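1. here are the coordinates; sequence isn't available:
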């Protein structure tokens, strides 16, 4: 049974329409990351589901029940806010226990459950503290514990790692999936960090311009983004987009990049003359001093070694700047200057320039 | 009270026992001096009860609005006798004079039936009467079914009876044949000189006999005493600053506030004589008056005299009377002196202030209220207050003839009775009765303040005042 | 501000002393006066030295005033009781009415909300006398004339706008997510309001309540016109010492001292909240 | 992803906020019925002790004010009094608040003690000040004399009357402003000040460019409430001078009080008060608009 079902939710504010028909079905035990750029309405969506904001149109079903008009306290969800929203006048224990008191649980049950979830989140030692005495990480764990304490069937997490430091974020990214899975709840996890989404989500629902542009498992989204906008959101540096006009030749489809002719995958032979965007992930670009078949000449403008990779800024001969990245930083010989770039045509993504939709290149 | 005690008091009442015998005898019976007073008057009220059904309104509850004043204190001290005699209950609200009349206006204008009867001055009835807030008491006084046969209305000083009766016509003479009796005189004040005898002896001056002398004496006192100032008069921005000494002296020069011609009112403060009088009065304050004159009310004038900060006051005689007693520093040092401001006048012409009792038109038990009023203004209560309490000046001629009262005053307040006897014949209300009384007097006080502060010369100030008042009279359809 | 030179500290000390002198000298003088007889008060020149008497206090407390004119009954303690009753009930009512309304304006944007909020605040604009004149007529007609209920009702004009204004701002500064979190956890709106919103706004409510209490306590005109002697508060009642035979300054001083005491006690009690409570909220943008 | 056509939901009418705010509104409106009555009275020639001349005269009472120099004097005095008291109290209150800004036990105690004048009812405070400025027994008069000023007449001279009542008002109400501004100062964020201190920015610059702007919302609120009380002043002036000497202190409410309770001129009294109301309304509106604007801006930044 679908635990969460959203049907064409729309919501607008004075400043404009934020959600323009959002639909989603999430199954039991599934972690769905709602991902999208900031300000796109991810938080609004969570609030609609939690019932603290009112829909303009659409319907929400939780655990098979229509809760569109139900007040928040009857929806049976657990939520953790981005700003934690702990109750400043209650101890961490009472904060976590608040979801249990509402359902009239006995003191001993509350104690047992709070301590269990606190142990899971490693905050047992601060249970008697007031929020103002907690560190940011402890606050964040308390907020999570509060969301999980009552064993809700549905958990909504609003960018819970945003306000914690990098180290903690990294740790939590590793811990969270197993923790959430152990709870057995269906989780909607809002984030604006694609890595986080990919690390945590069973599926990622990409919210762009008021709609889910794509809902799919992380690798599928990365490899096969439904559109330019989705493709742009994944990857760092982000995907290179080069306008091309494929031509059909006897050897198959080709296009011109920076004066050189480059082969495309077979399927694009069917789209000659159309304005397309060639999407090249930086890591799929191969930069070499040597000219090779299907390579195109570039100028290496800058070399930026990062920890685990090196990012190159290239300029094609027709003036377009693109990024390439190479694993590792060992290749210290890499110098600015003329070079040749090449890519694997079967892994290149091709989008229709007008609609932004991806043109399926391979199965 | 035991029967024995009752007989005892009855014996005194019948003249078979002297007062001293009564008091010592009462002591032996275990009656304190204070309750002896009440018992004594109980004997009086017993006498009053003859031939009248005082119990007619038994069980009624009256509610009074009273000013914080010795008259009210005297009434309250005697109130148990009224309750006993009539079987009525009486409660009251007391407010200090500063806010008392505002409270009365508030209560009456809201047509509140809360209060059955209340204390008032005659001037106020010029507002309350036409507004329809108070009853014409002639209907009660003249009705033998309502008024006990011993009430003896004619015993009340005729000047006071007239001054509290008005026909409601703007400018109409007080006490005219068609006048309505808006209130019953209860106690009253004459305006005269009270002076500090010690200071006068020290400065070697005599009590002044007229306005020019007063100016000289006050100036000399201020100069010679080195501290106290010469003359205290009221100066606050209120009608209350106009009506005591100021208007008494003004009237003595034959001046009027307004003139009435053919039913039309006209301001009369800008005559040459008036200007001369104002100049004297103003320079008297400037030279020898209190520094804070423009905030001076009854209280400051009295307090200064009692505390030895001033040597003389030209104000109510009873203010001097109060300051000569109590715990005042200058207690016993004060002298009293009737005062004719105009050297050419034969006798003083004090403007009077009459504390009176009036009946609320919105009240729901008027006949019962009248029972209270006639008791409170009866000879018996008047006599009790005059003899035992500070109920001066009493309004009944029979009380003024009472030797015990005169004796008590003569002993503790030397010169007071003489002052009264000189002042009384010429005393009456010298204001013109009309609805704009408070507008006119307040503005008059404001103008006086400006003159004393030298913001405007006297002549010019009075011309402006008269013009402004004429305009207001005209606007109100009176001028 | 941390690095203050000794010179600056001295200047600060002197300034604070000067401020205390200006604001507390009259209070101190009144306090001293309350232990003097009228005769001592009215000495020329005034003096700091006197043999203290407690007569003013005993006469206030026992209700018997000995004056030149004899013994008078005083209703001062009753007046004090009236003040306590009128002010505390008025503020309590204003809180009961005002806090939910303040919450509504802070949390919900509903049609006419700003208009209603402004209207409520604007009750402070109406000159008291303007309302008072016809009010006494209406009160007479509907039987509220000279009743505690009538007075408490009128006192809402003083207390309610103040409480609304301050508490509304305070609520607005509390993150709504905190309340949402509680509701989503399964608590009803009312539980959330009473267990989260109100406790969190407590400093603001306490501070606003205290200020409203002070303003109610100090009111003079409403009480003067609308209350009879047995219902009047100390502000009007203290005038009873202004008698025809003199002003009893000693007693007025003692009355002021006694009348300030309950409010001062309340302020000391609420001290923790006072500054904190005013610092968030209304006052802030 | 295709849109499933779902009809727009009918918005539920939110009853709760109305339920929460209506009782307060009703209680106040009940009290405000008299306001309408008063507005009507102000259009009448209506003097209680001359019932015969009662009649509807439209804006006759108001028109009469236009040419009445006494009225303009009242407007002038009221505004002057308001400007002086609010101005002095603001400056003084801000100064004291800054002295007490640091959270120490002593400063907290001082701030509570300074509230004492506010707890003294103005009506009683006026009575005490009247005694303290009495030329004979008054301790202040005595002190002033010791300082060699012999002819200072406090409330009794037109030259010093305004000074005296403003002094009493300042004494009573400065603590009110002080406590609001103290709360404001203590709630200001610390960073800008620390940064300024590190950069060695002059104190004066910090005060005018950082402290004052950040404190503005508090200043507006404090001034608004003081303004409302000050322009409607009655409790201090009436007992001290009844509007005198002359017409020096004849502010709106004192004059209206006399017009009603002494002259029983209901029409003129209510017309005066309606004008006072209009002035108050306009001034408050100005303040509240400003306050809302600042608030909006603060929200926008958040």
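-> Sure thing, it's come through. Worth saying up front: this structure is predicted, and the values here are computed from it rather than measured. Numbering: from 1, shown residues only, chains lettered A, B, ... in the order given.

2. got a list of what the residue nearest to residue B:473 when sequence neighbours are not counted touches?
-> Nearest non-adjacent residue to residue B:473, counting by Cβ to Cβ, 6 or more residues apart in numbering or on different chains: residue B:479, 3.1 Å away. For glycine as for every other residue, the C-beta is placed from the backbone atoms N, C-alpha and C. For residue B:479, the residues meeting the contact criterion (Cβ atoms under 8 Å, 6 or more residues apart in numbering or on different chains) are B:264-266, B:470-473.

3. secondary structure element for residue B:479?
-> For residue B:479, there is no helix or strand it lies in under DSSP states H and E.

4. Next one: it from residue D:203, what distance?
-> Remark: distance between residue B:479 and residue D:203 (Cβ to Cβ, to the nearest Å) = 66 Å.

5. Also residue D:144?
-> To residue D:203, residue D:144 is 35 Å away according to Cβ to Cβ.

6. Check residue B:189 too.
-> Applying Cβ to Cβ, the value for residue B:189 to residue D:203 is 65 Å.

7. Comparing the two, which residue is more hemmed in?
-> Neighbours per residue, other Cβ atoms under 10 Å in any protein chain shown: of residue B:189 and residue D:203, the larger number sits with residue B:189, 23 against 11.

8. so who does the nearest residue to the more buried one once chain neighbours are set aside touch?
-> Counting by Cβ to Cβ, 6+ apart, residue B:316 is the residue found nearest to residue B:189 once chain neighbours are left out, at 3.8 Å. Contacts for residue B:316 were tallied using Cβ under 8 Å, 6+ apart; they are B:189-191, B:244, B:298, B:353.

9. What score does residue B:316 have for pLDDT?
-> The pLDDT attached to residue B:316 in the predicted structure is 95.

10. quick one: is stretch B:421-436 near chain D?
-> Yes: contact between stretch B:421-436 and chain D, assessed by Cβ under 8 Å from any Cβ of the partner chain, occurs at B:435-436.

11. Report the distance from that stretch to the chain centre.
-> Shown here is stretch B:421-436, whose average C-alpha point lies 11 Å from the average C-alpha point of the whole chain (Cα atoms, centre = their mean, to the nearest Å).

12. Could you pull out the buried residues of it?
-> Buried residues in stretch B:421-436, counted by 16 or more other Cβ atoms under 10 Å in any protein chain shown: B:422-424, B:426-436.

13. again with stretch A:110-118
-> Within stretch A:110-118, the residues that qualify as buried are A:110, A:113-114, A:117-118, counting by 16+ other Cβ under 10 Å.

14. ok, so of those, who is nearest chain B?
-> Comparing these against chain B with Cβ to the nearest Cβ places residue A:110 closest, at 60.5 Å.

15. ok, that closest one - contacts?
-> When the contact criterion is Cβ under 8 Å, 6+ apart, the partners of residue A:110 are A:97, A:100-101.

16. Quick one: name the residues of the stretch 351-479 of chain B near chain D.
-> By the rule Cβ under 8 Å from any Cβ, the part of the stretch 351-479 of chain B lying against chain D is B:435-436, B:438-439, B:442, B:445-447, B:449-450, B:452-453, B:455, B:475-477.

17. Let's see which of the residues you listed end up in helices.
-> Cross-referencing these with the helices (criterion: DSSP state H) gives B:438-439, B:442, B:445-447, B:449-450, B:452, B:475 as the overlap.

18. Now for residue B:148: which residues touch it?
-> With contacts taken as Cβ under 8 Å, 6+ apart, residue B:148 has the following neighbours: B:48, B:51-52, B:54, B:374.

19. State the helix or strand in which it lies.
-> Following DSSP H and E, there is no helix or strand that holds residue B:148.

20. Any stretches of the stretch 151-300 of chain A with poor pLDDT?
-> Where the stretch 151-300 of chain A drops to pLDDT under 70, the residues are A:266-270.

21. What segments of it are helices?
-> Applying DSSP state H, counting those that start in this stretch to the stretch 151-300 of chain A gives helices spanning A:166-183, A:194-200, A:218-223, A:228-233.

22. about what we covered before: let me have the buried residues of stretch B:421-436 in a markdown table, adding distance to residue C:217, secondary structure and pLDDT as columns.
-> Formatted as a markdown table, the entries for the buried residues of stretch B:421-436 read as follows, by distance: Cβ to Cβ, whole Å; DSSP: H, G, I helix; E, B strand; the rest coil; pLDDT from 0 to 100:
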| residue | distance to residue C:217 | secondary structure | pLDDT |
| --- | --- | --- | --- |
| B:422 | 52 | helix | 94 |
| B:423 | 47 | helix | 94 |
| B:424 | 49 | helix | 92 |
| B:426 | 51 | helix | 92 |
| B:427 | 46 | coil | 93 |
| B:428 | 47 | strand | 94 |
| B:429 | 42 | coil | 96 |
| B:430 | 45 | coil | 96 |
| B:431 | 41 | coil | 97 |
| B:432 | 45 | coil | 96 |
| B:433 | 43 | coil | 96 |
| B:434 | 42 | coil | 95 |
| B:435 | 39 | coil | 93 |
| B:436 | 38 | coil | 95 |
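
23. and those as JSON lines, adding distance to residue B:203?
-> Formatted as JSON lines, the entries for the buried residues of stretch B:421-436 read as follows, by distance: Cβ to Cβ, whole Å:
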{"residue": "B:422", "distance to residue B:203": "24"}
{"residue": "B:423", "distance to residue B:203": "25"}
{"residue": "B:424", "distance to residue B:203": "29"}
{"residue": "B:426", "distance to residue B:203": "29"}
{"residue": "B:427", "distance to residue B:203": "30"}
{"residue": "B:428", "distance to residue B:203": "34"}
{"residue": "B:429", "distance to residue B:203": "35"}
{"residue": "B:430", "distance to residue B:203": "32"}
{"residue": "B:431", "distance to residue B:203": "35"}
{"residue": "B:432", "distance to residue B:203": "39"}
{"residue": "B:433", "distance to residue B:203": "41"}
{"residue": "B:434", "distance to residue B:203": "43"}
{"residue": "B:435", "distance to residue B:203": "46"}
{"residue": "B:436", "distance to residue B:203": "43"}
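
24. so where is the stretch 301-450 of chain B shaky, pLDDT-wise?
-> For the stretch 301-450 of chain B, applying pLDDT under 70 flags no range at all.

25. what's the nearest residue to whatever residue of chain D ends up closest to chain B if we skip its chain neighbours?
-> Distance from chain B to each residue of chain D (Cβ to the nearest Cβ) is smallest for residue D:244, at 3.3 Å. Take residue D:244 and drop its neighbours on the chain: the residue closest to it by Cβ to Cβ, 6+ apart is residue B:237, 3.3 Å away.
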